[in-house]
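Visitor: Compute the structure for the input listed below.
(2 chains)
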2 protein chains.
Amino acid sequence: MAADEPKLAHAARRIDFVTDPRRYRHWRLSVDADVATLTLDVDEDGGLFEGYQLKLNSYDLGVDIELADALMRLRFEHPCVKVVVLRSGKNRVFCAGANIRMLAGASHAHKVNFCKFTNETRNAIEDASECSSLPTICVINGTAAGGGYELALAADHIILVDDGSASVALPEVPLLAVLPGTGGLTRVTDKRKVRRDRADVFCTTEEGVKGRRALEWRLVDELAPATRLEELVAERARQFAARSSRPGHADGIALTPLERRITQDAVEYGSLSVELDSVQRLATIRLRAAEAPAPAAVEDMMALGARFWPLRLARELDDAILDIRNNEYETAVVLFKAEGSIENVLAYDAFLEAHQDHWLARETRLLWKRVLKRLDLTSRSLVALIEPGSCFAGTLAEIVLAADRAYMFIGEREGDNRPRARLGLAPCNFGPYPMANGLTRLETRFLGEPAEVERSKASIGELIDAEEAQAQGLVTFALDDIDWDDEIRMFLEERRSFSPDSLSGMEANLRFAGPETMESKIFARLTAWQNWIFQRRNAVGEEGALRRYGTGQKPVFDRRRA
Amino acid sequence: MAADEPKLAHAARRIDFVTDPRRYRHWRLSVDADVATLTLDVDEDGGLFEGYQLKLNSYDLGVDIELADALMRLRFEHPCVKVVVLRSGKNRVFCAGANIRMLAGASHAHKVNFCKFTNETRNAIEDASECSSLPTICVINGTAAGGGYELALAADHIILVDDGSASVALPEVPLLAVLPGTGGLTRVTDKRKVRRDRADVFCTTEEGVKGRRALEWRLVDELAPATRLEELVAERARQFAARSSRPGHADGIALTPLERRITQDAVEYGSLSVELDSVQRLATIRLRAAEAPAPAAVEDMMALGARFWPLRLARELDDAILDIRNNEYETAVVLFKAEGSIENVLAYDAFLEAHQDHWLARETRLLWKRVLKRLDLTSRSLVALIEPGSCFAGTLAEIVLAADRAYMFIGEREGDNRPRARLGLAPCNFGPYPMANGLTRLETRFLGEPAEVERSKASIGELIDAEEAQAQGLVTFALDDIDWDDEIRMFLEERRSFSPDSLSGMEANLRFAGPETMESKIFARLTAWQNWIFQRRNAVGEEGALRRYGTGQKPVFDRRRA
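Guide: Numbers count the residues shown, from 1 in each chain, chains lettered A, B, ... in the order given. A predicted model of the protein is given here:
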């Protein structure tokens, strides 16, 4: 962690994204037949960092890491579940949002990455509903303020207790001089389609809105008298569950703990390794192809469970990305390499394609979709090196397409008897892994040459060598043995000489050509403005609103509009 | 101007957006039959502020004010023109982009508003092509770097001299640690649809790209040997002109100087007045309806020329908004009032509707479209007060719909014999004034209730009173005499108590519900990231790249990625 970052609790050295329900301090996950209940009951003393208490069900990144884990487990361990009820374990408080003292004390990089992860987790709630027929009902039993209401906004159906006191609010602007940046503004306008002037009133009313006005303004879907609440929640849960196409009686698989060995300069997982070079400010992620051939039948996949190679690799890659994002701020470039049998990689993709109607195959692909989106949103230069012996094909070829640049090795390397570098496309490169803009990575890449997408599709089944891959526009540069080392070295030197900020801004623009969606708007329009505000003294300065909150002193603002 | 703002040249007290070709110092506008040539030949000593020279055809806001004026004149004074050739008056230099010393010395608010205006001007070039059949051919005879190439990107056709030295470049990231923020990144990916990895290479290559690679990467449309350049430009101009549907032989009208009287606390125009209250941090814009009835025939409109009321009001409103944006940073709220005959306002709209095929009527509406978009992008809280005697109807009703909130007065005011407040819609509220998101303001407003748009359309011809307007969702609050003064006062107090930054971010989100377009992406994704970078010490700190540029000292970067 950097010097201006507060200390992690329990003298931890890194933020760890791995957890499991037995270790949760803030959430309870219970499953009753086809209804799961996720109860937020934050342990005040369980903050991720030292120096604040998580009062009133407020959250920090640690709370959200548990939520993200619970959502994953619902998808893989509990395919029987058909609806999630999201609620609070506290009396008359749903959730007070992100903890303000945590925010006030956090470094800029932590604030930005905290918001990014919480946004990804809210998106995962919506993705479960849209893609896995697993809707969420949110029960607001008291105050849902700021990030608390933003969490509710991710649900399909919001029930607000009509007791004259329970309310929804986005008090960030009047109270803290920041935005409701966890999707709040965008979901109010684009998901719930609240009229803009009402949204203006709502977002500037510190105490929020309750009862009939909340319903009339479409801020919630339903009011419930306190006395009828449980009955109504049960009824809605039954209704939503009845509409779900989830398998119902299928047995889940156990998401066993990740194999992970962390040393000073490396993290070794079962199917990949991360090498950290702090001098070169470089993280190298080596993905390893499955050693075993693809399963013959779905029963074999089920028997493998969390050891099923595509699932294992996706979970490990997700953890590796999150670890770099949140613990290795000075890393400038993430290099991707892939090693092993390209035939095995394609065989697993063919297996997933053939069994796409099986819930576990589908969930595995949906996880890859989310992990690849996480990669798209990672503020590091992403580079794929496609070398002899590599296996970038199908799902792994998406990493090449997600990279800012891809370098491919022409021919053989002296003294290296591994096969020459090849790249392979598969049906999964043409649909199941859309980006946040709604297009596949190939569609985005060839926005100006849509015929190239068709040409690429025709190449399914071929293994494409370097010069051909360059000619087809699939890689940036094809280089031979003579140039390779120098070119890569110069590129890495160049990249780490640039301002990290300008690279973040440039990559955030170049990666997302074409249309925007509600999801991409959250990360572009909303997040970019929030990041700006997180730099402004009106919010984060000594006299700014975030710092002065709770001190009894009013913030002092620079009155100039920019 | 604020204290940390550099001094305006010639001891000017305000940035003035009014100019005319006789006063241009940086551009030459010449018209030869149906071809206009806009030549950029920047006067080094003509900077808007003190302290820098505009070398190598670099620009500041003053240069762009002239360009915006020239574009307006082409549309109104020269309807005979069918194509614009945009070129440089300097040898081997097209344009070096925004002046770096100007940027390094500017306040944050000026940087943001400078970029906003230059973006609006680039959009005006594209709007002329798309809506007025007035395309632009850009001739790059040397270096087109940064904002220089971004200017070229606004053209329909880019010709690059193929002399082994002329080049296009976006060197902002490697050289200055900022973004190509005047649409550059977005137009590279979304207009020219350059493949993202090539865009990455291009945007990190300080010296840029020339010749065949520039063509192959779609950065330019055509190469021209130096010896054949003039011949080719003339040929392309003929071809583009031949495809234009502009009237050709119509006589233009003279855009006579704005009537404008500036005093300490007010600006008085012919059809509107601006009152500045620095204590309340409030600007009140009073729009006045035409006193004369609408013309009977297009000949009358032509005879009125720049005195034609809708045109005069649009020009004056545009100037008023720009003046507040760039000279009154501390203004928190812009209040809109409208006074006079609502019947006259609607009669002018009916006239414009009836004669929409006449070039001057069409250009008048297209100007209103751009002015209204400028309003949407204005970082001030916008409020419409619809009071007795007001005339918010048709085109003026768009201002109500552009406002963050609208308050409407119920019934009559004691001691005021003007007619009660009414609001009127017209066909122009349903098409000709789209926002940057591609939707009308009513479609955006009723994104969640599309049937309301139809209901509104059915009300064309009616004058709607306050309670009905509130019921139809056209205004935020209808208030009677008892509540009006207190409610408005409290609202204004509240608004000026908030952080200006969080209001800017909130409004930028709430105003643009629904789809994004290339245009809106420029102001959201790109501009918001650029504004963030303009706050970061890697760019603007003492050791940052903007400050250190040209000093011989390398910038020192905080290496952390956010």
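
Visitor: From here on, just use CA atoms for contacts and neighbour counts.
Guide: Will do.

Visitor: Could I get the buried residue list for stretch A:41-60?
Guide: A:41-44, A:46-50, A:52-54, A:56-60 (16 or more other C-alpha atoms under 10 Å in any protein chain shown).

Visitor: no, scratch that, I was asking about stretch A:209-219
Guide: Quick answer for stretch A:209-219 (16+ other C-alpha under 10 Å): A:Val209, A:Lys210, A:Gly211, A:Ala214, A:Leu215, A:Trp217, A:Arg218, A:Leu219.

Visitor: Filter these down to just the ones in helices.
Guide: Among those, the members found in helices (DSSP state H) are A:Gly211, A:Ala214, A:Leu215.

Visitor: okay, the residues you listed in a markdown table with pLDDT next?
Guide: Output for these, formatted as a markdown table (pLDDT from 0 to 100):
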| residue | pLDDT |
| --- | --- |
| A:Gly211 | 95 |
| A:Ala214 | 98 |
| A:Leu215 | 98 |
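
Visitor: my guess is A:Cys53 meets A:Gly47, correct?
Guide: To be clear, residue A:53 is Gln; Cys isn't right here. Yes - the criterion here is C-alpha atoms under 8 Å, and A:Gln53 meets it with A:Gly47 at 6.5 Å.

Visitor: Who are the packing partners of the helix or strand hosting A:Leu86?
Guide: If you go by DSSP states H and E, A:Leu86 is part of strand A:83-88. When contacts are defined as 3 or more C-alpha pairs under 8 Å, 6 or more residues apart in numbering or on different chains; DSSP states H and E, strand A:83-88 packs onto strand A:35-40, strand A:93-95, strand A:136-140, helix A:229-243.

Visitor: next one: stretch A:47-57 to chain centre, how far?
Guide: Distance, stretch centre to chain centre, for stretch A:47-57: 23 Å (C-alpha atoms, centre = their mean, to the nearest Å).

Visitor: Near chain B, which residues of the stretch 251-400 of chain A are found?
Guide: A:Tyr329, A:Glu330, A:Thr331, A:Ala332, A:Ser379, A:Arg380 (C-alpha under 8 Å from any C-alpha of the partner chain).

Visitor: Among the residues you listed, which lie within helices?
Guide: Per DSSP H, the subset of those in helices is empty.

Visitor: Widest-spaced pair of those residues?
Guide: A:Glu330 and A:Ser379 (10.9 Å; C-alpha to C-alpha).

Visitor: of these two, who's got more company?
Guide: With neighbours defined as other C-alpha atoms under 10 Å in any protein chain shown, A:Glu330 and A:Ser379 compare such that A:Ser379 has more, 26 against 23.

Visitor: which residues touch that one?
Guide: A:Arg325, A:Ser504, A:Glu507, A:Ala508, B:Arg561, B:Ala562 (C-alpha atoms under 8 Å, 6 or more residues apart in numbering or on different chains).

Visitor: got a pLDDT number for the fifth one?
Guide: The per-residue pLDDT reported for B:Arg561 equals 93.

Visitor: from memory it sits against A:Thr331, does it?
Guide: Yes - here B:Arg561 reaches A:Thr331: they are 7.4 Å apart, a contact under C-alpha under 8 Å.

Visitor: list residues touching both of these two?
Guide: By C-alpha under 8 Å, 6+ apart, the residues touching both B:Arg561 and A:Thr331 are A:Arg380.

Visitor: And stretch A:447-454, what's buried?
Guide: Those would be A:Leu447, A:Gly448, A:Glu452, A:Val453, for stretch A:447-454 by 16+ other C-alpha under 10 Å.

Visitor: my bad, stretch A:259-276
Guide: A:Arg260, A:Ala266, A:Val267, A:Glu268, A:Tyr269, A:Gly270, A:Ser271, A:Leu272, A:Ser273, A:Val274, A:Glu275, A:Leu276.

Visitor: and the nearest residue to the third one once chain neighbours are set aside, bridged to which residues?
Guide: Excluding the flanking residues, the one nearest A:Val267 by C-alpha to C-alpha, 6 or more residues apart in numbering or on different chains is A:Val274, at 5.0 Å. Beta-bridge pairing of A:Val274 under DSSP bridges involves A:Val267, A:Ile285.
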